[in-house]
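Enquirer: Quick one: sequence plus predicted model below, questions after.
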Amino acid sequence: MEIIHISAECYPVAKAGGLGDVVGALPKYQCKAGHDAKVVMPLYKTKFLTTAAWEVDYKADAYLGNQYFAYTVLKEKNNTLGFPLYLIEIPGLTNREKIYGYADDTERFLAFQIALLDWMSQWQHIPDIIHCHDHHTGLIPFMMQYCYRYAKLSSIRSIFTIHNAQYQGWMGWNKLHYLPHFDEWKTGLLEWQHSINPLACAIKCAWKVTTVSNTYMGELRYQSNGLESLFEYEKGKCLGILNGIDNEVWNPLTDTYLENHFDVKTVGKGKKKNKELICNQFNLDITKPLFVFIGRLVGEKAADVLPDAIKTALYYMPNQANYLILGTGEAHVEWQFEQMMAAYPGQYNAVIGYKEALSHLLYAGADFLLMPSRVEPCGLNQMYAMRYGTVPMVRNTGGLADTVVDMGDSNGFGIKFNHASINDITYSIGRAIEVFHNSDQLNSMRKTMMQIDHSWEQTVSDYTSVYQSF
Ligand code: ADP
């Protein structure tokens with residue numbers, strides 16, 4: 001089957017979160033399973049651009065409303081990612097250092113979607129499946145079906161995967177003229193609560209809609225930033241498919257970011273060596289349990305509650321544990337984490353920034369990973385943590401609910417709590433400190449979680465069934 005993945009992120013080309021990890025891995029494993037899966041994404045000025053070799057595949061121009069723009073499609077020459085990768089460069093719009101966060105993101109991603117469809121309309125053949133990811137690609141199913149110039153693509157089956165429904169790409173009706181001429185009777189498909197809503201439009205127009213865990217799919221029907229009734233109405237074509245993790249990248253025995261490798265048999269010693277490196281670097285105490293948080297410092301991840309929760313734990317359980325934060329996000333949360341560094345030397349530290357290598361070391365060396373997320377569609381961190389023998393401490397929501405079993409339950413290996421509150425988090429830290437001192441229980445939990453299969457093979461076969469179901 002020929003599958004075209006369209007996404008704003010793809011690891012290692014450009015990644016801001018889990019979307020990048022998934023789009024970097026799913027096509028690779030689909031190719032291994034015998035499919036012809038490709039990825040098309042915007043060209044940003046990232047490191048990967050300078051390290052890989054490129055050839056020009058196509059060059060043309062298109063229109064964003066009445067604004068003319070030129071675009072170039074570059075193909076990565078050596079198939080280094082395990083699947084064909086295409087970047088669309090639109091000078092002045094896509095080729096910037098960051099993926100998101102610009103005032104003209106609406107125009108950037110609209111121009112990208114238009115350039116992509118213009119290019120595909122020139123192909124000699126049509127692919128079997130167009131697989132769009134998140135709202136940056138949300139208008140593609142609509143444009144394929146209802147824009148006159150893309151009539152050739154209208155019969156291609158489209159699938160839309162929601163990695164995060166909080167962000168919907170809202171835009172005002174004053175931007176409607178950007179879209180190529182379409183059947184005006186269909187304007188209502190673009191609309192949700194008085195604005196153009198690409199995520200809602202994709203849910204209405206894609207042939208199938210998936211999200212990244214079963215529990216999250218159910219949660220969207222009563223909590224999805226305004227789209228609850230739409231999810232209820234469209235539930236017949238929606239389903240949850242749990243993400244896998246890329247075992248080639250995330251393997252403690254071969255991880256290229258680590259100096260000290262280990263597997264399930266050597267986990268105790270291996271983790272200790274990695275923990276030593278962390279503790280030396282961040283002035284922490286190797287004899288105490290190490291709690292880490294890795295992720296975006298935003299409300300969704302409940303990062304705003306963590307400073308007070310950690311302070312409370314430090315107050316009631318002084319000198320019993322180490323805490324280390326790696327993240328970047330909202331300025332007031334970053335500020336709070338930074339302020340705590342001077343107050344708790346030897347017990348707490350923080351790195352404000354995005355550091356891929358350090359994140360691998362933390363998964364490998366930490367004892368516990370904190371994930372109090374208010375919303376977690378799938379969550380990859382907890383699966384990486386499990387693979388590296390780090391106990392996940394998670395709020396019982398979305399993909400966290402589907403992947404972690406509390407240590408109080410049969411074959412349990414993690415710590416689960418119900419609220420993103422100071423009480424629930426500090427109580428869980430207390431449970432964790434207790435289990436840290438019970439080395440038999442800790443070792444058996446590590447061994448159980450490291451052997452759980454989160455590989456992509458199952459996920460690939462679930463997606464294949466969806467592709468074949470319509
Ligand atoms: P989301 O996509 O909502 O941010 P996920 O759990 O699905 O959350 O994926 C997060 C990914 O981003 C993981 O690979 C995690 O290790 C990585 N990550 C997040 N923040 C950082 C950071 N500051 N430094 C390094 N890696 C990070």
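Expert: Great, that's in hand. Residues are numbered from 1 along each chain as shown.
Enquirer: For the helix or strand containing His332, list every residue counted as buried.
Expert: In this assignment (DSSP states H and E), His332 forms part of helix 331-343. Under the neighbour-count criterion of 16 or more other Cβ atoms under 10 Å, helix 331-343 has 333-334, 336-337, 340-341 buried. (Glycine included, C-beta is placed from N, CA and C.)
Enquirer: closest point of the chain to the ligand, which residue?
Expert: Proximity of the chain to the ligand (Cβ to the nearest ligand atom) peaks at Gly18, 2.1 Å away.
Enquirer: Now that residue: closest residue in space, sequence neighbours ignored.
Expert: Leu380 (4.8 Å; Cβ to Cβ, 6 or more residues apart in numbering).
Enquirer: who's in contact with that neighbour?
Expert: 18, 21-22, 243, 245 (Cβ atoms under 8 Å, 6 or more residues apart in numbering).
Enquirer: Mind checking which of the residues you listed are buried?
Expert: Counted by 16+ other Cβ under 10 Å, those give 18, 21-22, 243, 245 as buried.
Enquirer: Show me the residues you listed that map onto helices.
Expert: 18, 21-22 (DSSP state H).
Enquirer: residues in contact with Ala25?
Expert: 11, 244-246, 249, 456.
Enquirer: Which one of those is nearest to Leu199?
Expert: Tyr11 (22.2 Å; Cβ to Cβ).
Enquirer: For that closest one, which residues are in contact?
Expert: Residues counted as contacts of Tyr11 (Cβ under 8 Å, 6+ apart) are 20-21, 23-25, 249.
Enquirer: Could you do Ser121 as well?
Expert: By Cβ under 8 Å, 6+ apart, Ser121 lies in contact with 149-150, 152-153.
Enquirer: which of the contacts of Tyr11 sit farthest apart?
Expert: So, these by Cβ to Cβ: farthest apart are Val23 and Val249, at 13.3 Å.
Enquirer: higher neighbour count, the two?
Expert: Val23 (27 against 18; other Cβ atoms under 10 Å).
Enquirer: Is the more buried one in contact with His133, as I believe?
Expert: Yes: between Val23 and His133 there is a contact under Cβ atoms under 8 Å: 6.0 Å.
Enquirer: Mutual contacts of those two, please.
Expert: Contacts common to Val23 and His133, judged by Cβ under 8 Å, 6+ apart, are 5, 7.
Enquirer: circling back: and the residue of the chain closest to the ligand, what pLDDT?
Expert: On pLDDT, Gly18 comes in at 87.
Enquirer: Equivalent analysis for Leu442, please.
Expert: 97.
Enquirer: pretty sure it is in a helix, no?
Expert: Yes: according to DSSP: H, G, I helix; E, B strand; the rest coil, Leu442 belongs to a helix.
Enquirer: and Leu49, what is it in contact with?
Expert: 13, 43, 87.
Enquirer: How much space separates Asn443 from Lys271?
Expert: 10 Å (Cβ to Cβ, to the nearest Å).
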